[in-house]
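K.L.:
Just the structure for this:
(one chain, ligands or ions: 1)
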Amino acid sequence: MHRTTLGDFELTVVSDGTYFLDAGAFFGVVPKTMWSKKVTPDDQNRLDAGLNSLLVRTGKKNILIETGIGNKLPDRLVQIFRQPAQLLDNLHAAGVAPEDIDIVINTHLHFDHCGWNTVRRGDRVVATFPNAKYYVQQQEWEHGRLQLERDAISYMSPNYDPLLETGQMVLLNGDVELFPGVSVKVFPGHTANMQAVIVESGGKKACYISDLIPTSAHLDLTWVMAFDLFPLETIESRKKYYAQAIPERWLTVFTHDDQTPWGYVERADRSRLTLKPL
Ligand SMILES: [Zn+2]
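P.N.:
Next up, the predicted model:
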């Protein structure tokens, strides 16, 4: 288990397991001859991608950032992606029950980031974390509702609409500090309103950067996923992130890296970006 302390907070990476992603889509316009030096796909060109959530225990609140794929995926998508459904077991191993979670933050509403928000109970869909308030950006939710040709497959309303109906999910408008030491910041690129989560305690900062930098193999400004709706904005958002995170030594948490879930991004010779694992 990956666990560390940040000032007064305790941070634990809790995984929902790994799923398949097409390696070509994962690295966008980067040629295979380049990305295959960093990762090795299977005979169908698939990679094991991580589904890392971050548990933040502040002493007052238990905060869960992101909820993986969950256990409600339709069969045809299970065939493509798999459905490991390990998050609750790994939370249990970290000493936390679903009832103990006070806050859930979704960086965006793609199915691989908010699947465990809800579970089926009989013919109803209910909150997995019954005592939690859930937070996401309002415009991210509005985009999902449009069900556009390009990305309708990623937005499954049972992952969030039942929570809006009960008032458990709160829609945010822009950057905000949710609690002392826990704030969200919108970084456009992957979607227009994807938010990162910045955690600060004792003068130290960590950032769950989500799909802006999905793995430690995506540090380079131009190694942008084909899934991103606004690749030029991804590059600009990464520049903004590095301008703060590198000099201030933020601990960066990677959502889809199954090997190296976190580390410190550093600028090496000729401004090449490298990762110093935690
Ligand atoms: Zn996504």
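
K.L.:
List the beta-bridge partners for residue 126.
P.N.:
residue 119 (DSSP bridges).

K.L.:
so what's it up against?
P.N.:
Contact analysis of residue 126 by Cβ atoms under 8 Å, 6 or more residues apart in numbering lists 118, 119, 120, 162. For the C-beta atoms, the positions are set from N, CA and C on the backbone; glycine is no exception.

K.L.:
Among these, which one has the most neighbours?
P.N.:
The most neighbours of any of those, using other Cβ atoms under 10 Å, belong to residue 118, which has 27 neighbours.

K.L.:
Run through the residues that contact that residue.
P.N.:
Taking Cβ under 8 Å, 6+ apart, we find residue 118 in contact with 70, 72, 125, 126, 127, 128, 158, 159, 160, 162, 163.

K.L.:
wait, does stretch 61-74 contact the ion?
P.N.:
No - legend: contact between stretch 61-74 and the ion by Cβ under 5 Å from the ion is lacking; minimum distance shown is 10.2 Å.

K.L.:
can you give me the end-to-end distance of that stretch?
P.N.:
33 Å (Cα to Cα, to the nearest Å).

K.L.:
Quick one, which of the contacts of residue 118 are buried?
P.N.:
Among the contacts of residue 118, those classed as buried by 16 or more other Cβ atoms under 10 Å are 70, 72, 125, 127, 128, 158, 159, 160, 162, 163.

K.L.:
right, and out of these, which lies closest to the ion?
P.N.:
Distance to the ion across the buried ones among the contacts of residue 118 (Cβ to the ion) is lowest for residue 159, with 12.5 Å.

K.L.:
now the closest one, nearest residue through space, not along the chain?
P.N.:
residue 114 (4.6 Å; Cβ to Cβ, 6 or more residues apart in numbering).

K.L.:
buried residues in the helix or strand hosting the one you found?
P.N.:
For residue 114, the host element (DSSP states H and E) is helix 111-114. For helix 111-114, a neighbour-count test (16+ other Cβ under 10 Å) marks 111, 112, 113, 114 as buried.

K.L.:
In the chain, what residue lies closest to the ion?
P.N.:
residue 110 (3.5 Å).

K.L.:
And that residue, how far from residue 243?
P.N.:
Here the criterion is Cβ to Cβ, to the nearest Å. By it, residue 110 lies 26 Å from residue 243.

K.L.:
These two - which one has more neighbours?
P.N.:
The neighbour comparison of residue 110 against residue 243 (other Cβ under 10 Å) goes to residue 110, with 24 against 10.

K.L.:
Can you report how many residues neighbour the nearest residue to the more buried one once chain neighbours are set aside?
P.N.:
Distances taken as Cβ to Cβ, 6+ apart put residue 154 closest to residue 110, at 4.3 Å, once the chain neighbours are dropped. The number of residues packed near residue 154 is 16, by other Cβ under 10 Å.

K.L.:
so who does residue 154 touch?
P.N.:
Residues near residue 154 by Cβ under 8 Å, 6+ apart: 109, 110, 111, 144.

K.L.:
And stretch 202-210, end to end?
P.N.:
End-to-end distance of stretch 202-210: 23 Å, with Cα to Cα as the criterion.

K.L.:
go on, stretch 59-74?
P.N.:
Start-to-end, stretch 59-74 (Cα to Cα) is 38 Å.
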